[in-house]
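Peer 1: Quick check, what structure comes out for this input:
(4 chains, ligands or ions: 2)
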Amino acid sequence: MPNPFAIQTEQQDGLSVIKLEGFVDAHTAPQFENAVQAEIDHDRLRIVVDCAKLSYISSAGLGVFMSFIEELRERGGDIKISGLAPKVKHTFDILGFQDIFEMPDDLATAKAQFQAA
Amino acid sequence: MPNPFAIQTEQQDGLSVIKLEGFVDAHTAPQFENAVQAEIDHDRLRIVVDCAKLSYISSAGLGVFMSFIEELRERGGDIKISGLAPKVKHTFDILGFQDIFEMPDDLATAKAQFQAA
Amino acid sequence: MADIERRFTLQVPSSTENLAMIREFVVGVGGQAGLGESEIGKLELAVDEACANVIEHAYGHDVSKDVTVRASFDSDALHIAVIDEGQGFDPGGVTQSELDELVQQRKSGGLGMRLIRTLMDEVKYEIVPGQKNELHMMKKIR
Amino acid sequence: MADIERRFTLQVPSSTENLAMIREFVVGVGGQAGLGESEIGKLELAVDEACANVIEHAYGHDVSKDVTVRASFDSDALHIAVIDEGQGFDPGGVTQSELDELVQQRKSGGLGMRLIRTLMDEVKYEIVPGQKNELHMMKKIR
Ligand SMILES: Nc1ncnc2c1ncn2[C@@H]1O[C@H](COP(=O)(O)OP(=O)(O)O)[C@@H](O)[C@H]1O
Ligand SMILES: Nc1ncnc2c1ncn2[C@@H]1O[C@H](COP(=O)(O)OP(=O)(O)O)[C@@H](O)[C@H]1O
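Peer 2: Numbering: from 1, shown residues only, chains lettered A, B, ... in the order given. Ligands and ions are numbered 1, 2, ... in the order given. As a prediction, this is how the structure comes out:
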């Protein structure tokens, strides 16, 4: 198996866009956690996690969303989760993430939601 | 694993082109054998096996080339093996297939070789 | 699928690095059992969660220990067990909080067992601490 | 890679259908052992050939039997064994013909053992017919 996971952070239109690719599981979730933490450490609190190339996520990855959202919202920020493939979205839905997170279809919609807010 | 093997036969420019896709191993080689046999049964003896989408072959697949080539050549036909990826070609080379088979880079070259013969 | 029972076993060192290999194994078995793509996805996730718990909680990331996944199926059902020789625990004693509580408490964990129970048709723990702890899961076929 | 030995085992029913799963397992182990892509490809092919021989020759396609693949590696070498409980054979007694002879005889087989010996750094059979036949293969790392 060649490296099945990649992560990349970009600043776009005043937002931090974290792009996830491949498999987020208990092995790779710590890298995702570090990436979110790095944005918070730099007071970049409006974050889109773009999951267009995410093929799998387990609870270790879901836990990253869960653990940061309160702090971010308290401080006026947010995380939106964009571009989830149906198979992957199913995992978020089973656990009720749709009640807590906005999960727009694509990155453009996520950005529009941040502008409108 | 979704179906990792596919095979398709087309008649092109007076040749039979058998296109292999995915993995030819002891499990899938019988389908390849049947496809070659079907051409021979219809007296279509000029065959290109196009391996452009072949990702893996084991000796069970190599055995198909080996077992038909004498009969085909006796009857004025041939098999040419086109489009092998370097990794896959390595397996043919280890066993000395280059001394017995023509292995042109692509389907067009294989056709040209048949026209020239 | 034929009605003979087919059995598969995978044993790997207790490291999250091996979760990808475990998932490939599970997907392969699920495919052979004749499960559809969405059911295979559920199986894959449930077994990943179960193995991640063993690696993290039962063995505390001690890579000298082994995680074993045993699977079998016939035409009715696929059974899959995750087996460890770690410290064990009382599954009934684990309080399962709702997502909004976990979020308020800023927890990063606590979803795994819920996922397993939701994704599989039957879930049963057999715990003998330090000797053999087994998590049995079942998925109906069709 | 760390210098602790890591051990992996896969056991599957004796069917060519399972060769794909065996190859994924081998590729996973080879990657973790730190082998390069081309070395992983050789390992994958050698183990496929060894398992195909067990399925076809040792067990005659009896799917109620099991094929076991055991792998371990440290920083120097990867060892991999294919184990069956089938009828066994005398590896020294198998005559290995050249490709042109096989072609003249219109054979479709007879390449597997040659491939295995060419692809691996060490190959050793231990045969106890009906009890335990093991094909040990070794590949050096770097
Ligand atoms: N195999 C296991 N061995 C020991 N303890 C376990 C095991 N599986 C689960 N647990 C315990 O149950 C708790 C809840 O597990 P889970 O719902 O998967 O969430 P998480 O693993 O994210 O904490 C764990 O925190 C752990 O204390
Ligand atoms: N694991 C095995 N058990 C019994 N016989 C075997 C085994 N492996 C190889 N053989 C014997 O050795 C012969 C040569 O094997 P091989 O070179 O792989 O070619 P092939 O399998 O295509 O015949 C086989 O035909 C078989 O008679």
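Peer 1: tell me what the top strand by length along chain A is packed against?
Peer 2: Longest strand in chain A by number of residues (criterion: DSSP state E): strand A:46-57. Judged by 3 or more C-beta pairs under 8 Å, 6 or more residues apart in numbering or on different chains; DSSP states H and E, the packing partners of strand A:46-57 are strand A:15-24, helix A:29-41, strand A:78-82, helix A:86-94, helix A:107-116. Heads up, the C-betas are built off the backbone N, CA and C, glycines and all.
Peer 1: in chain C, which spans are helices?
Peer 2: Listed in chain order, the helices of chain C (DSSP state H) span C:19-33, C:37-53, C:99-104, C:112-119.
Peer 1: Tabulate these in CSV, adding columns for distance to residue A:77 and mean neighbour count.
Peer 2: Listed next are those as CSV, based on distance: least, C-beta to C-beta, whole Å; neighbours: other C-beta atoms under 10 Å in any protein chain shown:
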stretch, distance to residue A:77, mean neighbour count
helix C:19-33, 31, 23
helix C:37-53, 29, 23
helix C:99-104, 15, 16
helix C:112-119, 27, 19
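Peer 1: and these as a markdown table, adding distance to residue D:28 and mean pLDDT?
Peer 2: Formatted as a markdown table, the helices of chain C follow (distance: least, C-beta to C-beta, whole Å; pLDDT from 0 to 100):
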| stretch | distance to residue D:28 | mean pLDDT |
| --- | --- | --- |
| helix C:19-33 | 4 | 97 |
| helix C:37-53 | 14 | 97 |
| helix C:99-104 | 33 | 95 |
| helix C:112-119 | 23 | 96 |
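Peer 1: In stretch C:80-97, which of the residues would be classed as buried?
Peer 2: C:80, C:81, C:82, C:83, C:84, C:85, C:86, C:88 (16 or more other C-beta atoms under 10 Å in any protein chain shown).
Peer 1: And ligand 1, is that stretch touching that?
Peer 2: Yes: applying C-beta under 6 Å from any ligand atom, one finds stretch C:80-97 touching ligand 1 at C:86, C:89, C:94.
Peer 1: For the second one, give me its contacts.
Peer 2: I take that to be residue C:89. C:57, C:58, C:127, C:129, C:133 (C-beta atoms under 8 Å, 6 or more residues apart in numbering or on different chains).
Peer 1: Now the residue sitting furthest away from the middle of chain C: closest residue in space, sequence neighbours ignored.
Peer 2: Most distant from the centre of chain C: residue C:104, at 27.5 Å, with distances by C-alpha atoms, centre = their mean. Sequence neighbours aside, residue A:70 is the residue nearest to residue C:104 in space, at 6.4 Å (criterion: C-beta to C-beta, 6 or more residues apart in numbering or on different chains).
Peer 1: Could you check how far the one you found is from residue A:78?
Peer 2: 11 Å (C-beta to C-beta, to the nearest Å).
Peer 1: Comparing these two, which residue is more hemmed in?
Peer 2: residue A:78 (19 against 14; other C-beta atoms under 10 Å in any protein chain shown).
Peer 1: on that earlier part again, out of the contacts of residue C:89, which are buried?
Peer 2: Applying 16+ other C-beta under 10 Å to the contacts of residue C:89 flags C:57, C:58, C:127, C:133 as buried.
Peer 1: want to try JSON lines for the residues you listed, with distance to chain D and pLDDT as columns?
Peer 2: JSON lines is the format used below for the buried ones among the contacts of residue C:89 (distance: C-beta to the nearest C-beta, whole Å; pLDDT from 0 to 100):
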{"residue": "C:57", "distance to chain D": "21", "pLDDT": "95"}
{"residue": "C:58", "distance to chain D": "18", "pLDDT": "94"}
{"residue": "C:127", "distance to chain D": "24", "pLDDT": "94"}
{"residue": "C:133", "distance to chain D": "19", "pLDDT": "96"}
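Peer 1: Closest one of the residues you listed to residue A:99?
Peer 2: residue C:57 (27.6 Å; C-beta to C-beta).
Peer 1: mind showing which ranges of chain A have poor pLDDT?
Peer 2: Across chain A, the ranges flagged by pLDDT under 70 are A:1-3.
Peer 1: which other residues reach the longest helix that it contains?
Peer 2: Assignment by DSSP H gives helix A:59-74 as the longest helix of chain A. With C-beta under 8 Å, 6+ apart as the test, helix A:59-74 has contacts from A:24-26, A:28-29, A:32-33, A:36-37, A:40, A:45, A:47, A:49, A:78-79, A:81, A:91-92, A:95, A:97, A:100-101, C:49, C:52, C:99, C:102-104, C:106-112, C:115.
Peer 1: tell me the angle that helix makes with helix C:112-119.
Peer 2: Counting by axes from the mean of the first three to the mean of the last three C-alpha atoms, to 10 degrees, helix A:59-74 lies at 120 degrees to helix C:112-119.
Peer 1: hey, C-alpha coordinates of helix A:59-74 in PDB?
Peer 2: Presented in PDB, the C-alpha positions along helix A:59-74 are these (Å, rounded to 0.1, in the frame of the first residue of the first chain):
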ATOM      1  CA  SER A  59     -14.600   7.300  14.700                       C
ATOM      2  CA  ALA A  60     -11.000   8.400  15.400                       C
ATOM      3  CA  GLY A  61     -11.400  10.900  12.600                       C
ATOM      4  CA  LEU A  62     -15.000  11.900  13.600                       C
ATOM      5  CA  GLY A  63     -13.500  12.600  17.100                       C
ATOM      6  CA  VAL A  64     -11.400  15.400  15.700                       C
ATOM      7  CA  PHE A  65     -14.500  17.300  14.500                       C
ATOM      8  CA  MET A  66     -16.200  16.600  17.800                       C
ATOM      9  CA  SER A  67     -13.400  17.700  20.100                       C
ATOM     10  CA  PHE A  68     -12.700  21.100  18.500                       C
ATOM     11  CA  ILE A  69     -16.200  22.400  17.600                       C
ATOM     12  CA  GLU A  70     -17.100  23.900  21.000                       C
ATOM     13  CA  GLU A  71     -14.000  25.900  21.400                       C
ATOM     14  CA  LEU A  72     -14.200  27.200  17.900                       C
ATOM     15  CA  ARG A  73     -17.800  28.300  18.200                       C
ATOM     16  CA  GLU A  74     -17.100  29.900  21.600                       C
END
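Peer 1: Tell me the buried residues in it?
Peer 2: A:59, A:60, A:61, A:62, A:63, A:64, A:65, A:66, A:67, A:68, A:69, A:72.
Peer 1: Same question for stretch A:93-102.
Peer 2: Quick answer for stretch A:93-102 (16+ other C-beta under 10 Å): A:94, A:95, A:97, A:100, A:101, A:102.
Peer 1: close enough to count as contact, the fifth one and residue A:84?
Peer 2: No: checked against C-beta atoms under 8 Å, the pair residue A:101 and residue A:84 is beyond contact range at 10.3 Å.
Peer 1: what sits in contact with each of these two?
Peer 2: residue A:92.
Peer 1: Near chain B, which residues of chain C are found?
Peer 2: Applying C-beta under 8 Å from any C-beta of the partner chain, one finds that chain C approaches chain B through C:27, C:28, C:31, C:37.
Peer 1: Filter those residues to keep only those in contact with chain A.
Peer 2: Among the residues of chain C next to chain B, chain A is touched by residue C:37 when using C-beta under 8 Å from any C-beta.
Peer 1: ok, which pair from the residues of chain C next to chain B is furthest apart?
Peer 2: C:28 and C:37 (13.4 Å).
Peer 1: just to revisit the earlier point, format the helices of chain C as JSON lines; extra columns: distance to residue D:71.
Peer 2: Formatted as JSON lines, the helices of chain C follow (distance: least, C-beta to C-beta, whole Å):
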{"stretch": "helix C:19-33", "distance to residue D:71": "11"}
{"stretch": "helix C:37-53", "distance to residue D:71": "18"}
{"stretch": "helix C:99-104", "distance to residue D:71": "39"}
{"stretch": "helix C:112-119", "distance to residue D:71": "28"}
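Peer 1: so which of those helices comes closest to residue D:68?
Peer 2: helix C:19-33 (14.2 Å).
Peer 1: Counting neighbours, what do you get for residue C:108?
Peer 2: 19.
Peer 1: which ones are touching it?
Peer 2: Contacts of residue C:108 by C-beta under 8 Å, 6+ apart are A:33, A:63, A:64, A:66, A:67.
Peer 1: If anything else comes up later, I'll come back, but that's it for now.
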